[in-house]
Every structure is written in structure tokens, then in C-alpha cells.
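Trainee: sequence plus predicted model, see below.
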Amino acid sequence: MNKSFNPLRRLHFYAAFFITPLLLTLSLTGIGYLFYTNVENNIYHDEFFKDSATKGHQSLDDAIQEIRDVYKGYDIQKISIMNEPYNNRVTIGNEEGDSRYIFLDEHNQRVANQNAKYTYSNVLREAHSSLFVGGSFVNYLVELAACWTIFMIISGIYLTFKSKALKPTKKKSSFLFNRRLHAIIGLVIAIPIFIIVLTGLPWSALMGKQINQFAEDHPKLGYTALQANPPESEDNELPWATRTKEKPSSKKDPHAAHHGSMSNVIGADGQQSLENIIANAEENGIKKPFSIVYPSDEKGVFTVSKSSNTGVTGLDVAPKEETTAYFDQYSGKLLDKVDYDDYGIIGKWFSFGIPLHEGHLFGTANKIINLLVCLAFIGGITFGFLSWMKRKKSNSFSAPIRTSNQIPIGLIVFLVILGIAMPLFGLSLIPVAIIEFFLWRRHNRLNTV
């Protein structure tokens with residue numbers, strides 16, 4: 001690939017120039033999100049740990065009914081049963097998209113409520129994943145930046161060794177100094193950054209769907225599907241490997257009392273209490289913390305889950321502790337259960353990969369390592385920018401000039417492979433090729449004149 005050096009350098013330069021603002025944003029918001037549990041344990045101390053001013057004890061079901069009475073127009077989306085000393089959390093939402101957290105103390109009395117949209121973790125998550133804007137375009141833009149980052153890692157390694165950027169020189173040059181630091185940092189963090197980018201792809205707009213679909217189509221690699229009728233239920237806090245898994249159905253007792261329609265499945269006739277579902281879950285080896293999602297209709301089930309990537313302070317568990325269990329809403333019987341050991345390779349990989357990406361797979365050490373990698377990444381970007389500024393001529397963009405009109409076959413093969421592996425990257429190469437073609441024509445025209 002000797003002739004590939006110049007066109008690869010041009011691609012590396014332009015990619016860096018256009019996606020650097022987005023990479024800096026993702027790095028900074030990622031750093032902020034790394035420590036969300038530490039921050040929230042302090043700024044939301046009263047909500048998480050304090051007792052209610054209301055004295056006396058009531059059942060969890062009575063507390064849920066009280067919440068429904070107080071917050072008219074809101075639906076109960078999930079109940080997070082926490083380990084001590086955390087207060088339990090009830091998530092509610094309405095048709096306008098407003099979501100709130102209601103905190104209950106050990107006596108199931110209301111402590112406080114939060115607007116879910118403006119909590120520290122959700123603000124940072126929104127900034128990191130959709131830049132506060134949201135929508136498909138921004139999601140694709142973030143994924144595109146991730147794809148081009150992978151390209152820049154690979155091309156950067158090649159360019160470093162090809163240009164001998166690591167070789168010390170006696171020549172005093174700010175450009176060479178900054179380029180060398182850019183290259184050294186890039187090599188040191190190449191693998192960590194690659195892993196961080198790769199483990200973020202399950203949430204991406206295009207590749208995330210493809211990965212999930214592949215996991216569904218290949219159970220031995222993805223996860224084992226439950227052969228049953230899927231009820232509709234909220235599953236934001238389910239483990240990644242079971243979010244699209246089909247769920248079993250409840251069988252209603254024909255002798256249970258029936259009064260009208262079952263549009264409201266909370267406290268419906270014959271339905272088990274939350275206390276019974278919690279007790280049944282613990283009898284089946286599901287220990288706190290876990291989330292409970294109500295059945296969505298008369299054939300629905302109670303879904304109890306433990307996940308390593310909930311995004312809720314105090315709710316995450318180790319990947320191997322992940323489980324998703326389905327309980328009949330009338331008998332309380334365990335209908336089916338999916339544990340970590342039931343996942344395929346992909347499910348297991350992302351059960352570890354996502355908390356690694358978020359910085360809580362192995363405690364504080366994970367946070368510190370991710371922090372150092374992100375800071376080094378920002379440093380590498382900075383030195384790359386400085387090296388460009390040092391060689392940039394006034395009134396000139398000073399991009400690497402084209403030294404040949406031919407594109408080496410090795411480079412084409414490399415780009416095709418990446419384009420197949422990352423379709424969004426492949427699609428983005430089309431406008432790049434068109435722009436290069438017109439620049440080539442303009443260059444030839446000027447030389448002819």
C-alpha cells in the first residue's frame with residue numbers, strides 16, 4: 001500500500017477536520033456521564049436516602065394507587081425495587097411524553113418526585129447520544145462519527161509507521177513535535193478507543209438495529225428466543241439481550257371476578273399484588289435490586305429484570321447477575337426466565353461491553369481508565385490540530401495535496417471492507433468520492449491552463 005499513503009492521509013485529514021467538534025462533544029459528555037452515580041448520590045441525597053415526612057406504613061400496592069390518584073393522567077411505567085439504603089423508585093409517564101420519578105421510603109411513603117428529563121444522568125445521556133436535539137438525523141450523525149473514528153484509528157496507525165512519525169529528529173520543529181505527540185497518543189489509546197466505540201454501537205441508529213436483528217436471527221450467537229405470545233410492556237431497563245425477546249402470556253382464572261373491561265391492568269380483578277410478585281421473584285433467586293413492569297393487558301405478564309446497563313443509580317448489577325423473569329399476573333407463577341448463561345456470544349459480549357463503555361463494569365478503576373482514555377483522546381486531537389496549524393500557510397486550508405490521480409487497489413479494498421462492516425460509513429464514502437472527483441477535475445483544469 002505504498003501508493004496509498006497520500007490518499008489515506010487526505011481522508012484521515014478531512015475526516016478529522018469535519019468530525020472533531022462532534023468527537024470533542026462526545027468525549028466531554030462521556031466524561032460527565034462516567035461519574036453520574038457519584039454525582040447523583042450527592043445532589044439527590046434526600047430523594048435517594050431520606051425518609052418521608054409522612055409517618056406510618058402502607059403496602060406497595062397502596063402506594064402505587066396513591067401515586068395514580070395524585071398524578072392524574074400518568075401511567076405507572078415501572079417500579080425499581082432497590083437495595084438498602086436506596087429508596088424504591090416508581091417511574092410514571094403521560095401521553096405528552098412527560099416522565100417523573102416518585103421515590104418511596106421503606107414504609108412506602110412518598111419522599112419526593114423528579115422530572116426525569118432534567119436529572120443529571122438523563123441530561124448527560126441525552127447530550128451524549130443525541131446532542132439535546134434528538135431525531136433520526138442526529139442519531140445517524142453520531143453513529144457516522146463513530147464509524148469514521150474506527151477508520152481514523154486504523155488509518156492513523158498505518159500513517160504513523162509509514163511516515164516514521166515516531167522517529168526522533170534533531171530538527172527543531174513545532175510541527176514535528178506536535179505530530180509526534182499526536183502519533184504517540186494515538187498508538188497508546190488505539191485499542192481502548194476502538195473498544196469504547198465498538199461497545200457503544202448497540203445503541204446506534206443503523207448498526208444497533210442490525211446487531212439486534214442478527215442476534216434474533218442467530219439464537220446461538222445472540223440469545224435464545226422464548227416461543228410464546230409477546231404482551232406489550234415497557235422495557236427500558238431490561239438487559240440488552242432480552243429487550244426484544246418474546247414474552248409468555250398469563251392465563252386468566254375463569255373463576256376470578258370480572259367487572260367490565262381490563263383497560264387498567266394495575267390492581268385488576270384477580271391480579272397478584274406487588275408484594276406477592278416480589279416474594280415470588282426472591283423465592284426464585286432474584287435478589288434486589290430489580291425492576292418490575294406491570295402487565296399491559298389481560299394476557300400480559302409481570303416482567304422482573306436485573307440489568308447491568310439500566311442507567312439508574314443503584315440499580316445496575318454485574319453482567320453475570322442479569323436475568324429477566326416473567327410471572328403470571330393471576331397466579332404469580334414463574335412462567336419463564338432468561339439468565340446470562342442463556343445468552344449467545346453477542347448477548348454476553350454486550351452485557352459486559354455496555355457497562356465497560358459506561359464505566360461501571362469494574363468499579364472506580366473502570367471510571368478512571370475511561371477518564372484517562374478520553375482525556376488522552378482529547379489531547380491527541382489537540383496535538384493533531386496544533387500540527388496542522390504549524391504547517392498551515394496563511395490564506396490556505398493546507399490540506400494534504402494529491403500526489404497521484406490513481407487510487408491504489410489496496411485502499412479501495414480496505415474502504416470496501418469497512419463500508420460493508422459499517423454501512424453508514426460506506427454510504428458516506430459516496431459524497432466523499434464525488435467531491436474528490438470534482439477536486440481532481442478542477443486540479444487537472446488548472447494544470448492544463
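Mentor: On my side now, so go ahead.
Trainee: W440 contacts R402, correct?
Mentor: Yes. Contact status for W440 versus R402: in contact at 7.0 Å, counting by C-beta atoms under 8 Å. In short, each C-beta sits where N, CA and C put it, glycine included.
Trainee: give me the element Q114 is part of.
Mentor: strand 110-115 (DSSP states H and E).
Trainee: CA atoms only for that strand - export them in CSV, please.
Mentor: What follows is strand 110-115 as a C-alpha-only set of coordinates in CSV (Å, rounded to 0.1, in the frame of the first residue of the first chain):
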residue,chain,number,x,y,z
ARG,A,110,-43.7,9.3,49.1
VAL,A,111,-40.4,11.1,49.7
ALA,A,112,-40.0,13.3,46.6
ASN,A,113,-40.5,13.4,42.9
GLN,A,114,-38.3,14.4,40.0
ASN,A,115,-38.8,15.4,36.4
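Trainee: so which elements touch that strand?
Mentor: Applying 3 or more C-beta pairs under 8 Å, 6 or more residues apart in numbering; DSSP states H and E, one finds that strand 110-115 contacts helix 45-49, helix 60-70, strand 99-104.
Trainee: if you set the cut-off to 6 Å instead, what comes out?
Mentor: Counting by 3 or more C-beta pairs under 6 Å, 6 or more residues apart in numbering; DSSP states H and E, the packing neighbours recorded for strand 110-115 are strand 99-104.
Trainee: which SS class is Y326?
Mentor: Under DSSP: H, G, I helix; E, B strand; the rest coil, Y326 falls in the strand class.
Trainee: any figure for the gap between it and P248?
Mentor: 5 Å (C-beta to C-beta, to the nearest Å).
Trainee: more neighbours, the two?
Mentor: Taking neighbours as other C-beta atoms under 10 Å, Y326 and P248 compare with Y326 leading, 27 against 20.
Trainee: just to revisit the earlier point, can you tell me which helices and strands the next helix or strand after the strand holding Q114 packs against?
Mentor: Of the helices and strands lying after strand 110-115 in sequence (DSSP H and E), the nearest is helix 120-130. Using 3+ C-beta pairs under 6 Å, 6+ apart, the elements in contact with helix 120-130 are helix 5-34, helix 36-43.
Trainee: mind doing that once more with 8 Å?
Mentor: Under the contact criterion of 3+ C-beta pairs under 8 Å, 6+ apart, helix 120-130 touches helix 5-34, helix 36-43, helix 135-162.
Trainee: what comes into contact with that helix?
Mentor: Applying C-beta atoms under 8 Å, 6 or more residues apart in numbering, the contact partners of helix 120-130 are 25-26, 29-30, 32-33, 36, 39-40, 43-44, 116-117, 132, 134, 138-139, 142, 203, 311-313.
Trainee: restricting to C-alpha, output that helix in CSV.
Mentor: What follows is helix 120-130, C-alpha atoms only, in CSV (Å, rounded to 0.1, in the frame of the first residue of the first chain):
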residue,chain,number,x,y,z
TYR,A,120,-28.1,14.7,35.9
SER,A,121,-27.8,11.2,34.3
ASN,A,122,-30.6,11.8,31.8
VAL,A,123,-29.3,15.2,30.7
LEU,A,124,-25.8,13.8,30.1
ARG,A,125,-27.2,10.7,28.4
GLU,A,126,-29.3,12.9,26.1
ALA,A,127,-26.4,15.2,25.3
HIS,A,128,-24.1,12.2,24.6
SER,A,129,-26.4,10.2,22.4
SER,A,130,-28.5,12.9,20.6
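Trainee: just want the angle from that helix to helix 135-162.
Mentor: 70 degrees (axes from the mean of the first three to the mean of the last three C-alpha atoms, to 10 degrees).
Trainee: how far away from the center of its chain is helix 120-130?
Mentor: In this view, helix 120-130 has its centroid 10 Å away from the chain centroid, taken as C-alpha atoms, centre = their mean, to the nearest Å.
Trainee: okay, M1: pLDDT?
Mentor: Listed pLDDT for M1 reads 47.
Trainee: V373 should be in a helix, yeah?
Mentor: Yes. Counting by three-state DSSP, one finds V373 located in a helix.
Trainee: burial measure for it, as a count.
Mentor: Neighbours of V373 (other C-beta under 10 Å): 20.
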